[in-house]
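Chemist: how does the following fold in three dimensions:
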Amino acid sequence: MNKSELIEALSQKEDLLTEKLAADVVNLVFDGFADELAKGGRIEIRGFGSFVVRKYDSYKGRNPKTGKSIDVSTKKLPFFKVGKELKQRVDGKY
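Modeler: This next block holds a predicted model:
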């Protein structure tokens, strides 16, 4: 499912929501998630999972096209850890 399919499903499930209003709700949630992660925060959705920002140190990498060694700078990347209930549901045990 992609973002537009989520918006469509939300607008069809709730008759009070137009597709535009459903899009506003989805964008509000996603923007809130992105803002919290950008601040270094953590997002936890019980039964689903949690999002955190992981920090990675710099390291020596290799350009696959040229084979030359390059320095990769430090970076922060979002990381998702699946919750127990979602893991069981996907595995068919829930």
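Chemist: the lengthiest helix in the chain packs against which elements?
Modeler: For the chain, the longest helix by residue count, based on DSSP state H, is helix 19-38. Using 3 or more C-beta pairs under 8 Å, 6 or more residues apart in numbering; DSSP states H and E, the elements in contact with helix 19-38 are helix 3-13, strand 43-45, strand 49-56. For the C-beta atoms, the positions are set from N, CA and C on the backbone; glycine is no exception.
Chemist: what's the longest one packed up against?
Modeler: The contact analysis (3+ C-beta pairs under 8 Å, 6+ apart) places helix 3-13 against helix 19-38.
Chemist: quick one: the helix it packs on to chain centroid distance?
Modeler: How far helix 19-38 lies from its chain's middle: 12 Å, per C-alpha atoms, centre = their mean, to the nearest Å.
Chemist: tell me what angle that helix forms with strand 49-56.
Modeler: Inter-element angle recorded for helix 19-38 and strand 49-56: 40 degrees (by axes from the mean of the first three to the mean of the last three C-alpha atoms, to 10 degrees).
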